[in-house]
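Asker: Build the 3D model from these lines:
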Amino acid sequence: MAISLAQLLDSGDPSLYQVRSKAPGPRGSLPLTPEMLLKRPSGDLFGWSQDAGMGWDPAALGAPEFLILSTHGGIRAADGSPVALGYHTGHWEVGLLMDAAAKELKSLGAIPFAAYCTDPCDGRTQGTTGMFDSLAYRNDAASVFGRLIRSLPTASGVLGVATCDKGLPAMMMALAGAPSLPCVLVPGGVSLLAEEGEDAGKVQSSGARFAHGQLSLEAAAQMLCRACATPGGGCQFLGTAATSQVVGEALGMSLAHSALSPSGHPIWIDMARRSARAALSLHARSLAMRDILTDASMRNAMVVYAAFGGSTNLILHIPAIAHAAGLRRPTVDDWTRVNRQVPRLVDALPNGPKMHPTVQVFLAGGVPEVMLHLRRAGLLETDALTITGEKLDAILDWWEQSERRAALRRVLLENDGVDPDDVIMDPDRARASGLTSTVTFPTGNLVPGGSVIKSTAIDPSVVSPDGVYRKTGPARVFVTEKAAIAAIKSGAIHPGDIIVLMGRGPMGSGMEEIFEITAALRYLTFGKEIAVLTDARFSGVSTGACIGHITPEALAGGPLGKVREGDQIEIVIDRARLEGTVNLLVHGSIEDGDYTLATRSPHPHLAPDPALPAATRLWAALQEVSGGTWGGCVFDVDAILKRLE
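Answerer: Numbering: from 1, shown residues only. Predicted structure coming up:
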């Protein structure tokens, strides 16, 4: 559409020129006292001027103030239709949660404030340079949220409303960094599956399946159109968004049975209202974040994470939340111990075996139902306090006998024909159904600093009867995700190959998420015969023999960066013992592989991506000084300042 200069410079409407220079101002007066004028900061007083100017009843000022933070994005009309789109469904409807919480606060005599810092979509940026900002954004957003909290120094408490992969962990970090305030996390819930079609994870493999003749153009167009079947909520699988909601509740930061609620439903709106009451209750009882977030609650979060079989990205986010709270960050040894102790109990997308969507996990009982099984097994610290002000033990006692639990489990059975105990299982039933513990941390001459694989999600058909995945194959070396996915689509990658994607850690790409690759392998018929090694990370919906988070990263001198095309690599993953190795073999020998790696130079094409933003390069350097990926990719100010001395 051509727009003339005249249209840019003036609208041609003379009525626009009727501009006033003064207004009557708000009626009434502020409820000031002599003591306030003598002792309160001028900012407190002028803040009331601003409040009255925005339309709040001056006579009602002085009540407790509560800040509602959100990742809301887009502009919705009153009927829900889009005026301007957001980045994703996860933040499209959360304004409704804010509205419900704010009205509840006001009805109970408090003064609500609201502020925003929206978040990107990892699904939208897969395979693009937008992914170079994804993980770094989390730290930036946590900083912005923290600054917004501190910029309202009169606030008596905070509600944090968020849904998805980076915005929700950022919100949890910000709330954890406000130890003296009552804070409540309000998760944004999940979207629903299409009645006919594919989930939002599987459709992201459409390009690869089309390239191999496994999906028609017409089917791809229809499936991609329907995949986000409802306008709000995080994706329907147990990816990073859903797992972060689960972890927030397990930490005690959210109300019981709030994670994975279906966006837009009355039960979802009700959760926001009750969350507002919880914030007021914490304030009345003089309880704050430091009382909720403890070493015990962190351990509970790790245990629940393992029982759900969640996204490996939480191995980055839970340490970051602990760091923000001033608590000890879990180590690889801690993660290994927890995953060996805790059985996976949840059958959900993408892990299977029956692939229930997250809303069915919610209906089956969600986090508190899983916690009941974990409590019976003696795996939880039930003295931990929750944002209800009560200990976890009391909350689980309530849940076990609640009408809410009985009614929703009945809905799942009667409406969907799904037995809730097939979604959330006791340990014996889970074991009989083939569920294995969630994560393994392989070591070896290619991964001397450690690595991560969601071992529970390896296709059982490629696992030996003894529970061990064994693979030896040729390295197919790539230094960009674009080149790797092009090879997959073109047919240049074959069963038995081991894709080595190097230089994609923090220094190379901001530790991009390579779901475009792992989704292709997950849903191509031959993909289970291919493995992946990378210093990048994975989407929570990734499955298969995909080993990531490899340290040291290639650009930091890690041996992964010395692999050459055709090298023989051996992968062994014991899904029962949760042990694994990844080694370069030379003449069939690990020792000769050690020698080769010690004497070989880095790959000639290994380099940071030329499109890596300067801000992400800075993030990569600061997080490396602060403990690196195993430390949660945080900014440890003391460590940074010490390095600068």
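
Asker: going forward, measure contacts and count neighbours with C-alpha atoms only.
Answerer: Fine.

Asker: Can you show me the strands along the stretch 451-600 of the chain?
Answerer: With strands called from DSSP state E, counting those that start in this stretch, the stretch 451-600 of the chain shows them at 468-478, 498-501, 531-534, 546-551, 568-574, 579-585.

Asker: Name the strands paired with the fourth one and say parallel or antiparallel.
Answerer: In other words, strand 546-551. Within its sheet, strand 546-551 is paired with strand 450-452 (antiparallel), strand 531-534 (parallel), according to DSSP bridges.

Asker: how many degrees apart are that strand and strand 579-585 in direction?
Answerer: Inter-element angle recorded for strand 546-551 and strand 579-585: 80 degrees (by axes from the mean of the first three to the mean of the last three C-alpha atoms, to 10 degrees).

Asker: could I have strand 546-551 exported to PDB, CA atoms only?
Answerer: C-alpha atoms of strand 546-551 as PDB (Å, rounded to 0.1, in the frame of the first residue of the first chain):
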ATOM      1  CA  CYS A 546      20.400 -36.500  21.800                       C
ATOM      2  CA  ILE A 547      23.300 -35.500  24.000                       C
ATOM      3  CA  GLY A 548      23.700 -31.800  24.700                       C
ATOM      4  CA  HIS A 549      25.100 -29.200  27.200                       C
ATOM      5  CA  ILE A 550      28.500 -30.700  26.400                       C
ATOM      6  CA  THR A 551      31.300 -29.000  28.400                       C
END
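
Asker: Just want to check the distance between Ala162 and Asp140.
Answerer: 15 Å (C-alpha to C-alpha, to the nearest Å).

Asker: So which of the two has more stuff around it?
Answerer: For Ala162 versus Asp140, the count of surrounding residues by other C-alpha atoms under 10 Å is larger for Ala162: 34 against 14.

Asker: Give me the pLDDT for Arg274.
Answerer: pLDDT for Arg274: 98.

Asker: tell me the contacts of it?
Answerer: Each residue near Arg274 by C-alpha atoms under 8 Å, 6 or more residues apart in numbering is listed here: Ala101.

Asker: My understanding was that Ile547 contacts Val532; is that so?
Answerer: Yes. Between Ile547 and Val532 there is a contact under C-alpha atoms under 8 Å: 5.9 Å.

Asker: Looking at the two, which has the bigger crowd around it?
Answerer: Ile547 (26 against 20).

Asker: what are the ranges of the strands in the stretch 51-200 of the chain?
Answerer: Using DSSP E, counting those that start in this stretch, strands in the stretch 51-200 of the chain cover 65-70, 75-76, 82-84, 111-116, 155-162, 183-187.

Asker: ranking these by burial, who's on top?
Answerer: Highest mean neighbour count of the strands of the stretch 51-200 of the chain: strand 183-187, a mean of 33 (counted as mean count of other C-alpha atoms under 10 Å).

Asker: hey, C-alpha coordinates of it in PDB?
Answerer: Written as PDB, here are the backbone C-alpha positions of strand 183-187 (Å, rounded to 0.1, in the frame of the first residue of the first chain):
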ATOM      1  CA  CYS A 183       5.400 -13.100  46.300                       C
ATOM      2  CA  VAL A 184       3.100 -15.500  44.500                       C
ATOM      3  CA  LEU A 185       3.800 -17.100  41.100                       C
ATOM      4  CA  VAL A 186       0.700 -17.300  38.800                       C
ATOM      5  CA  PRO A 187       1.400 -19.800  36.000                       C
END
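
Asker: so that strand versus strand 155-162, what angle?
Answerer: 20 degrees.

Asker: Can you name the element that comes right after strand 183-187?
Answerer: helix 206-211 (DSSP states H and E).

Asker: avg pLDDT for the next helix or strand after that next one?
Answerer: Sequence order places helix 217-226 as the next helix or strand after helix 206-211, per DSSP H and E. The average pLDDT within helix 217-226 is 97.

Asker: Tell me how far helix 217-226 lies from the chain's centre.
Answerer: 27 Å (C-alpha atoms, centre = their mean, to the nearest Å).

Asker: could the strands paired with strand 546-551 go into CSV alongside distance to Met425?
Answerer: Shown next, in CSV, are the strands paired with strand 546-551 (distance: least, C-alpha to C-alpha, whole Å):
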stretch, distance to Met425
strand 450-452, 25
strand 531-534, 30
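
Asker: Let's have these in JSON lines, adding mean pLDDT.
Answerer: Formatted as JSON lines, the strands paired with strand 546-551 follow (pLDDT from 0 to 100):
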{"stretch": "strand 450-452", "mean pLDDT": "96"}
{"stretch": "strand 531-534", "mean pLDDT": "98"}
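
Asker: wait, which of those strands is closest to Arg643?
Answerer: Closest approach to Arg643 among these (C-alpha to C-alpha): strand 450-452, 24.2 Å.

Asker: Not counting that closest one itself, show me its contacts.
Answerer: By C-alpha under 8 Å, 6+ apart, the surrounding residues in contact with strand 450-452 are 312, 439-444, 547-552.

Asker: Can you give the domain ranges for this protein?
Answerer: As given by automatic domain parsing, the domain ranges for the chain are 43-192+230-428, 193-229, 450-631.

Asker: Please produce a markdown table containing the ones you listed, extended by distance to Leu37.
Answerer: Output for those, formatted as a markdown table (distance: least, C-alpha to C-alpha, whole Å):
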| stretch | distance to Leu37 |
| --- | --- |
| domain 43-192+230-428 | 8 |
| domain 193-229 | 54 |
| domain 450-631 | 44 |
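
Asker: Indicate which one of those is closest to Ser15.
Answerer: So among the domains of the chain, domain 43-192+230-428 is nearest, using C-alpha to C-alpha, at 25.4 Å.

Asker: Give me the distance between the closest residue to Gly365 other than its chain neighbours and Asp426.
Answerer: Using C-alpha to C-alpha, 6 or more residues apart in numbering and skipping residues adjacent in sequence, the residue nearest Gly365 is Arg405, 6.3 Å away. Arg405 sits 16 Å away from Asp426 when distances are taken as C-alpha to C-alpha.

Asker: before we move on, back to that, of the strands paired with strand 546-551, which approaches Ser254 most closely?
Answerer: Going by C-alpha to C-alpha, the one of these nearest Ser254 is strand 450-452, 28.1 Å.

Asker: Show me the residue sitting in the middle of this protein in space.
Answerer: Geometric centre of the chain, nearest residue: Asp165, 3.1 Å, by C-alpha atoms, centre = their mean.

Asker: The residue nearest to Gly365 looks like it's in a helix, true?
Answerer: Yes. Assignment of Arg405 by DSSP: H, G, I helix; E, B strand; the rest coil places it within a helix.

Asker: Residue numbering should commence at 345 henceforth.
Answerer: All set: I'll call the first residue 345, so the last point we hit is now Arg749.

Asker: and it, how many neighbours?
Answerer: Using other C-alpha under 10 Å: Arg749 sits among 19 other residues.

Asker: So it sits against Trp743, correct?
Answerer: Yes. Assessed by C-alpha under 8 Å, Arg749 is found in contact with Trp743 at 6.5 Å.

Asker: so which of the strands paired with strand 890-895 comes closest to Ser808?
Answerer: strand 875-878 (15.8 Å).

Asker: List the contacts of that closest one.
Answerer: Everything outside strand 875-878 that qualifies as a contact, by C-alpha under 8 Å, 6+ apart, is 840-846, 848-849, 888-894, 904.

Asker: distance between it and the chain's centre?
Answerer: 22 Å.

Asker: Same check on stretch 387-405?
Answerer: 37 Å.

Asker: what does stretch 488-500 give?
Answerer: 23 Å.

Asker: Same check on stretch 418-428?
Answerer: Using C-alpha atoms, centre = their mean, the offset of stretch 418-428 from its chain centre is 25 Å.

Asker: what does stretch 932-950 give?
Answerer: Worked out by C-alpha atoms, centre = their mean, stretch 932-950 lies 36 Å from the chain centre.

Asker: ok, Gly608 touching Gly439?
Answerer: No. Contact criterion C-alpha under 8 Å: Gly608 and Gly439 do not qualify, at 10.7 Å.

Asker: okay, now Ala555: neighbour count?
Answerer: Neighbours around Ala555, by other C-alpha under 10 Å: 15.
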